[in-house]
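# Please find the sequence and the predicted model below.
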Protein chains: 4
Amino acid sequence: MTHTATLLISCPDRKGLSAAIANFLYTYNANIVHSDQHQDNADNLFLMRIEWDLADFTLDMNAFSAAFQPIADRFQMTWKVSLSNRPQKVAIFVSKYDHCLVDLLHRHKSGELKCEIPLIISNHEDCRALAEFYGIEYHVISVNKDNKAEAEAAQMALVIEKEIDLIVLARYMQVLSHDFTAKFPQRIINIHHSFLPAFDGAKPYHRAFARGVKLIGATSHYVTEVLDDGPIIEQDVNRISHRDDVDALIQQGRDLERVVLSRAVRWHLQQRVLVYSNKTVIFD
Amino acid sequence: MTHTATLLISCPDRKGLSAAIANFLYTYNANIVHSDQHQDNADNLFLMRIEWDLADFTLDMNAFSAAFQPIADRFQMTWKVSLSNRPQKVAIFVSKYDHCLVDLLHRHKSGELKCEIPLIISNHEDCRALAEFYGIEYHVISVNKDNKAEAEAAQMALVIEKEIDLIVLARYMQVLSHDFTAKFPQRIINIHHSFLPAFDGAKPYHRAFARGVKLIGATSHYVTEVLDDGPIIEQDVNRISHRDDVDALIQQGRDLERVVLSRAVRWHLQQRVLVYSNKTVIFD
Amino acid sequence: MTHTATLLISCPDRKGLSAAIANFLYTYNANIVHSDQHQDNADNLFLMRIEWDLADFTLDMNAFSAAFQPIADRFQMTWKVSLSNRPQKVAIFVSKYDHCLVDLLHRHKSGELKCEIPLIISNHEDCRALAEFYGIEYHVISVNKDNKAEAEAAQMALVIEKEIDLIVLARYMQVLSHDFTAKFPQRIINIHHSFLPAFDGAKPYHRAFARGVKLIGATSHYVTEVLDDGPIIEQDVNRISHRDDVDALIQQGRDLERVVLSRAVRWHLQQRVLVYSNKTVIFD
Amino acid sequence: MTHTATLLISCPDRKGLSAAIANFLYTYNANIVHSDQHQDNADNLFLMRIEWDLADFTLDMNAFSAAFQPIADRFQMTWKVSLSNRPQKVAIFVSKYDHCLVDLLHRHKSGELKCEIPLIISNHEDCRALAEFYGIEYHVISVNKDNKAEAEAAQMALVIEKEIDLIVLARYMQVLSHDFTAKFPQRIINIHHSFLPAFDGAKPYHRAFARGVKLIGATSHYVTEVLDDGPIIEQDVNRISHRDDVDALIQQGRDLERVVLSRAVRWHLQQRVLVYSNKTVIFD
């Protein structure tokens, strides 16, 4: 089992940047196993993800920050380092539709999603048996017009207690308040059942049917304070025909939702997503 | 070379409809070569396309209308019959971007689009050599803010003179007036370079880039008086990544535009498109 | 809840066929809710699927066969009628990989697969807890080189006892004998993890990786006595890159396998699949 | 107009590699505009494409080789540098089917393919007018069983005279001899009209139809001495149905062939393709 460190960097593009990073890592004998970078020439931005094996690395990771900060300062970097042996903690929020939850839990069990899932929160009882089958705590917090602030406070208390790194809205049918989402910037992933920006908001399959589109879509994105407007992580579509009624769109859409949400979660967990200008870079 | 007749029908769904149509055709010894139907159970609509070989057909097609009308009346049908040996006449409108025009003309020459193309109209000289290479009349009619009505009158005169059945807007960058489009209901096909209803209107690739979508699309549709809102005939998408700048989207989009427009034109020429509720049925 | 009958027909194409079928159904006041047909002009074959509401139908379905057989004889039809209120019984065979099983059971529970699943057979214990979660009998029948005939006899006994209509091989890693498969013609569906006919046989992902293909695929098909050669029901592909190692192909392939197998099973249960010339027609 | 240099490298993966390359370029003040690398951890290979603006670069490109070779030797690199202001020279070989030729010539004219096309060679007269329309020399060299060696000698003479860098077989229906292909390793691109390795060899659409596949494909690859076995550059597929006869497959396949061939040519011209183990890396 290899333990690796992954460094995500964004900064203004400047000559010498690659050399500075490469030399730093070489100094401590890093065995680089994966590296990808992107230059946005229009915005003059440099974005990088670099992963190295910790086996031969001669710098104690507890000292990494102190050692790297001078380079970061020199190039005005925003950066983050993460360690493969400290898996992220994920909370899943769900309502009644269980297809995304079933899918995420199975992927987790099969090892595809390398994380811990200590918490499922729902506004309904429906998915409790499923959570129990996978041995995960399941909390029902009812939400209605009058108790929203209170409900979110209860959710937040659980999220803090479990030291959650990432919240996944797996067809959670409540809109989170700005207060809530502001506390988890780029750490709440939602699945919207349309090809955004088409059909944002409510009942996208009904509206896709009414408009007579020939493809339906699904979009996973980070949640921001504007509904369905956050940075898009992944999208996919499926061909439909005039023979498909709304129920058929909903059914086929479930296949899209599962796959599109799971890719976003996997990429996020692998530190492969970097946000800028309300868009995402997905490092290969 | 087989000559066929194709009947397109839409009407309220009622028992006995299939039997009435099948019996009518059998009475005149029709050899049915293709049949497809669709029932919209929500709207209680019956839609059908049926094509038969004229070789053994014992009813003179000049007498078809008189013979079929009683059945049509009985079931309140909207119907249309067309003959494969009377190819439709198509006018192509184009501006400076020539990729869709190149594509349509080559498909026509290779026999994929069974029609006549007696006329190309442009607001620029750019595509004249191409039109001449394929031996097609090319008319330049300049359009600006002040002469729009006059220009459309000149276009219309040519369209009437050439007895045009279908107008294809092959990246024609002028918006046609309601007066003009109202004269060709469901007979003007446009290609829009986005996945409608996302990014309707101007500069869709720039807006797709700004929004950070992960797929770009193209949409072919019938032109109605509301811009980019007509019945969608075909759509397709292509995956992009953060590495693709606007120019890359435009370049990749050309491949989508070509294919999506050509499918719509081919299906229309094959009498496979039926419009209802601002949507299309594409018969197989 | 609507109860319908579905009639599948294949026969030589002849004039009067459509009229004969339509008249028969109209005679008994059938309310046709769906109809699709295909004519293979090369083979002179007529293939049809027609579904009607039983509410107003004046012919007792127990008398259907006697009433319809004269027409079937006249046109040399092969035909089959099925009733929506008599759901098929499905047995799932599985080994250790559980992703297709998880998927099928969830789709069944959510109502997407309209059938009964009274039986899961495996050569391993691994999926027992899952079967129990869904309340389905789970039988382990070990298979090895020496006991294959015996094992198949035990499988067959269960299949007969449960009156199974369809066997689904959900990544069942044993090859069934000709004796076994011959007893279930067009009633055993397998998922093969490649785009057949490429990479038939063992270890398709490893061979796809070695060949450097740019897309991986999955294929669902009816099992015949020739391995991976039966009529293909559905296929789909997913784009990969040089960055994907064999493990990544296997992981991404699971998403294909789930979807491709589930479509085949759903279409089969909906009586939408008709086999001829070792190929399938999938009625819309 | 930016002039850039692009360096392609493959070598055993070793610590310090990235640093050595980055430092070398930084020494000469390179402004890196694009960089992508791939590590094949199974084969312990390091593969890289790096492109920099020549505007500020202080090393004369005529001296590049002498300056870089010591680093190349130290890390046992195979490497190649190319300059954007020295466009490659491309010869297109074609037979009677002109759809790929039409497509490539239009893409070239529109600026999508940055290269020179001084030469088209065909074994038929059919495409002469098209070549003349684009102002490109067109040579007819008949090929039959008896004159193959002679014909290839004539082709080779033209290719040498025009200093051709890349040969594109745009549906050229003759098999080139090993002698010929051996002289252009990784410099002959072919389009095969199937999803390889399925249906290699003759008449792939007919065989796809006979097998009843649900998707057809096209594959662009470098030509090696084994027919249809060279490194795959790009593949794509299109969904078909039982309604599509062989002619329909051929027609739809043309759209695949055009796009799949043009991508391969574009990527090759952009120095984005690197071959190893009979596979390709396509740098982003």
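The structure has been received and is ready for your questions.

# Report pLDDT for whichever residue of the stretch 51-200 of chain A sits closest to chain D.
Residue of the stretch 51-200 of chain A nearest chain D, by CB to the nearest CB: A:D56 (7.9 Å). All C-beta atoms are positioned from the backbone trio N, CA, C, and that covers glycine. A:D56 carries a pLDDT value of 93.

# can you check A:N123 too?
98.

# related to what we said a few turns ago, next one: the residue of the stretch 51-200 of chain A closest to chain D from chain B, what distance?
32 Å (CB to the nearest CB, to the nearest Å).

# thought that residue was touching A:N29?
Yes - applying CB atoms under 8 Å as the test, A:D56 and A:N29 come out as touching, 5.1 Å apart.

# Flag every buried residue along the lowest-mean-pLDDT helix or strand in chain A.
When the helices and strands of chain A are scored by mean pLDDT, DSSP states H and E, strand A:31-40 comes last with a mean of 93. If you call a residue buried by 16 or more other CB atoms under 10 Å in any protein chain shown, then strand A:31-40 has these buried ones: A:N31, A:I32, A:H34, A:S35, A:D36, A:Q37, A:H38, A:Q39, A:D40.

# what bridges to the first one?
Legend: beta-bridge partners of A:N31 under DSSP bridges are A:D53.

# and what of the fifth one?
Under the criterion DSSP bridges, A:D36 forms beta bridges with A:R49.

# And for A:A182, the neighbour number?
When neighbours are counted by other CB atoms under 10 Å in any protein chain shown, A:A182 registers 11.

# Distance check, it against A:E152.
Going from A:A182 to A:E152 by CB to CB, to the nearest Å gives 12 Å.

# try A:A170
Relative to A:E152, and taking CB to CB, A:A170 is found at 18 Å.

# higher neighbour count, these two?
Counted by other CB under 10 Å, A:A170 and A:E152 do not tie: A:A170 has more neighbours, with 29 against 19.

# Verify the stated contact: the more buried one with A:L261.
Yes - A:A170 is within contact range of A:L261, at 6.6 Å (criterion: CB under 8 Å).

# Return every residue with contacts to both of the two.
Between them, A:A170 and A:L261 share these contacting residues under CB atoms under 8 Å, 6 or more residues apart in numbering or on different chains: A:C100, A:L104, A:I191.

# In space, what's closest to the first one - neighbours in sequence excluded?
It refers to A:C100. On the basis of CB to CB, 6 or more residues apart in numbering or on different chains, the spatially nearest residue to A:C100 that is not a chain neighbour turns out to be A:A170, at 3.8 Å.

# now swap in A:I117 and tell me
Excluding the flanking residues, the one nearest A:I117 by CB to CB, 6+ apart is A:V90, at 5.1 Å.

# Angles on the backbone of that neighbour, please.
phi -120, psi 130 (degrees, to the nearest 10).

# Now do the same contact list for it.
A:L113, A:C115, A:E116, A:I117, A:I164, A:D165, A:L166, A:I167, A:V168, A:V265, A:L269.

# Try it again at 10 Å.
Neighbouring residues of A:V90 by CB atoms under 10 Å, 6 or more residues apart in numbering or on different chains: A:104, A:108, A:113, A:115-120, A:162, A:164-168, A:187, A:189, A:265, A:268-269.

# how about the strands in the stretch 151-284 of chain A?
In the stretch 151-284 of chain A, the strands defined using DSSP state E, counting those that start in this stretch lie at A:166-169, A:188-192, A:215-222, A:232-239, A:273-276, A:279-282.

# avg pLDDT for the fifth one?
Spelled out, it's strand A:273-276. Mean predicted lDDT for strand A:273-276 stands at 96.

# quick revisit: the least confident helix or strand of chain A to strand D:31-40, inter-axis angle?
140 degrees (axes from the mean of the first three to the mean of the last three CA atoms, to 10 degrees).

# Output the contacting helices and strands for strand A:31-40.
If you count contacts as 3 or more CB pairs under 10 Å, 6 or more residues apart in numbering or on different chains; DSSP states H and E, strand A:31-40 packs onto strand A:4-12, helix A:17-27, strand A:45-53, strand A:273-276, strand A:279-282, helix D:17-27, strand D:31-40, strand D:45-53.

# Could you list every helix and strand in contact with the fifth one?
Spelled out, that is strand A:279-282. Counting by 3+ CB pairs under 10 Å, 6+ apart, strand A:279-282 packs on strand A:31-40, strand A:45-53, strand A:215-222, strand A:232-239, helix A:246-269, strand A:273-276, helix B:204-211.

# what's the closest of these to C:Y205?
With CB to CB, the closest approach to C:Y205 among these belongs to helix A:246-269: 18.2 Å.

# hmm, the closest one touching chain B?
Yes - using CB under 10 Å from any CB of the partner chain, helix A:246-269 reaches chain B at A:V246, A:V260.

# List the buried residues for that helix?
A:249-269.

# For C:K96, find the nearest of the helices and strands packed on strand A:279-282.
Nearest of these (CB to CB): helix A:246-269, 21.4 Å.

# between A:A182 and A:E152, what contacts are shared?
Listed as contacting both A:A182 and A:E152 by CB under 10 Å, 6+ apart are A:L176.

# C-alpha coordinates for stretch A:176-183, PDB please?
Extracted in PDB, the C-alpha atoms of stretch A:176-183 (Å, rounded to 0.1, in the frame of the first residue of the first chain):
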ATOM      1  CA  LEU A 176     -29.600  24.800   2.200                       C
ATOM      2  CA  SER A 177     -29.400  28.400   3.500                       C
ATOM      3  CA  HIS A 178     -26.600  30.700   2.600                       C
ATOM      4  CA  ASP A 179     -25.400  30.600   6.200                       C
ATOM      5  CA  PHE A 180     -25.000  26.900   5.900                       C
ATOM      6  CA  THR A 181     -23.400  26.700   2.500                       C
ATOM      7  CA  ALA A 182     -21.000  29.600   3.300                       C
ATOM      8  CA  LYS A 183     -19.500  27.500   6.000                       C
END
